[in-house]
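Engineer: The following block contains a protein sequence and its predicted model.
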Amino acid sequence: MSECVRIALGPHSAYTVPIPFLATVAEQAQAADLLVHIHVAETQNEDAELRETYGTSSPQVLADHGVLEAQLIAAHAVWLSDEDVEIFRRHDVSVAHCPSSNAKLASGIARVPVFSAAGLRVGLGTDGPASNNTLDLWHEIRLASQLAKLSTMDATALPAAEAFWMASGGGAAAALGLDDIGILEAGRWADLVHLDTEDSAFVPIETPTDVITHLVWSAGSRHVRDTWVAGRQVVADGVCRTLDVAQLRADVQVRALRLAQ
């Protein structure tokens, strides 16, 4: 399964990593055809130092120093101005939207409807367990749609189909720029999830679009019975087949207590 591992460069952000070094990372990424993952505009005041030094926003600083010339995915992107969104559009920067993390840390709500209207490629992420304890991507789908509706006071914002796309083809094929995953079709990996559609969460179904509506608003990860990655079954009847979950749980408990001492 080594082909399942994709290498990317991940400098944290423009406010924790020197700008000249970020420029070097971008150059190396372009030379090796690698994706660059970086946090951008996660919190309202994170680029205060950059503005003091360079007199402009984080996205503009990154653009001015060639960082956005690489294939780049920006995590969070909560505090983007209209000008910043246009900078991302011009440089074809994609966004990893992490609604649960942003909500838990009170970072704000990313303007996903604005991103979509501008033509940005947006996928869903979870961030790490410190700011998103469950790492449940299914929860991100629902919350992303809810926050988009709440922040715009528009119940039609980020409809179910669009939110679901952000977690599937939108995240893999579009935001990450991968052409062999994210969509179930010939020539791509056989990545499949089997859900228990006999559950009442999937009733009623009057039209085919109701399936997507139920997937986003009624169903959840609890309905996943089986999962295949590149044709290999990794979850069978709700049980992970690749890890000893009981042993891992015990190991984590022991290590956590040791760290707390």
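Structural biologist: Yep, it's here.
Engineer: could you pull out the strands for the stretch 151-261 of the chain?
Structural biologist: 192-195, 224-229, 232-236, 239-240 (DSSP state E, counting those that start in this stretch).
Engineer: Any chance of JSON lines for these, columns mean pLDDT, distance to residue 109 and mean neighbour count?
Structural biologist: Glycine gets a C-beta too; all of them are placed from N, C-alpha and C. Converted to JSON lines, the strands of the stretch 151-261 of the chain look like this (pLDDT from 0 to 100; distance: least, CB to CB, whole Å; neighbours: other CB atoms under 10 Å):
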{"stretch": "strand 192-195", "mean pLDDT": "95", "distance to residue 109": "28", "mean neighbour count": "16"}
{"stretch": "strand 224-229", "mean pLDDT": "96", "distance to residue 109": "27", "mean neighbour count": "16"}
{"stretch": "strand 232-236", "mean pLDDT": "96", "distance to residue 109": "32", "mean neighbour count": "14"}
{"stretch": "strand 239-240", "mean pLDDT": "94", "distance to residue 109": "33", "mean neighbour count": "10"}
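Engineer: Make CSV out of those strands and add distance to residue 203.
Structural biologist: Below are these laid out as CSV (distance: least, CB to CB, whole Å):
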stretch, distance to residue 203
strand 192-195, 14
strand 224-229, 17
strand 232-236, 24
strand 239-240, 26
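Engineer: From residue 212, how far off is the most centrally placed residue in the chain?
Structural biologist: For the chain, the residue nearest the mean C-alpha position is residue 125 (2.2 Å; CA atoms, centre = their mean). Shown here: residue 125 relative to residue 212, a distance of 21 Å by CB to CB, to the nearest Å.
Engineer: all helices of the stretch 101-250 of the chain, in order?
Structural biologist: 112-118, 137-152, 160-167, 169, 209-217, 245-260 (DSSP state H, counting those that start in this stretch).
Engineer: pLDDT of the fourth one, averaged?
Structural biologist: For helix 169, mean pLDDT rounds to 88.
Engineer: got the contact list for it?
Structural biologist: Under the contact criterion CB atoms under 8 Å, 6 or more residues apart in numbering, helix 169 has outside partners 182-183.
Engineer: Off-centre distance for it?
Structural biologist: 12 Å (CA atoms, centre = their mean, to the nearest Å).
Engineer: for residue 211, what are its contacts?
Structural biologist: Applying CB under 8 Å, 6+ apart to residue 211 gives the contacts 202, 205.
Engineer: State the distance from it to residue 191.
Structural biologist: 18 Å.
Engineer: count of residues packed around the residue nearest to residue 195 when sequence neighbours are not counted?
Structural biologist: Nearest non-adjacent residue to residue 195, counting by CB to CB, 6 or more residues apart in numbering: residue 223, 4.5 Å away. For residue 223, the count of nearby residues is 20 (other CB atoms under 10 Å).
Engineer: Find me the pLDDT at residue 223, would you?
Structural biologist: So, for residue 223, pLDDT stands at 95.
Engineer: what's the neighbour count on the nearest residue to residue 33 once chain neighbours are set aside?
Structural biologist: The shortest distance from residue 33 to any non-neighbouring residue, by CB to CB, 6+ apart, is to residue 71 (7.9 Å). By the measure other CB under 10 Å, the count of residues near residue 71 is 19.
Engineer: next one: residue 152
Structural biologist: Neighbour tally, residue 152, other CB under 10 Å: 16.
Engineer: Local confidence estimate at the residue nearest to it when sequence neighbours are not counted?
Structural biologist: Spatial nearest neighbour of residue 152, chain neighbours left out: residue 113 (5.8 Å); criterion: CB to CB, 6+ apart. Looking at residue 113, its pLDDT reads 97.
Engineer: Check whether residue 113 really touches residue 153, as I assumed.
Structural biologist: No. Here residue 113 lies out of contact with residue 153, judged by CB atoms under 8 Å, at a distance of 11.3 Å.
Engineer: Same drill for the two, tell me which one is more crowded.
Structural biologist: Just comparing residue 113 and residue 153: by other CB under 10 Å the higher neighbour count belongs to residue 113, 17 against 7.
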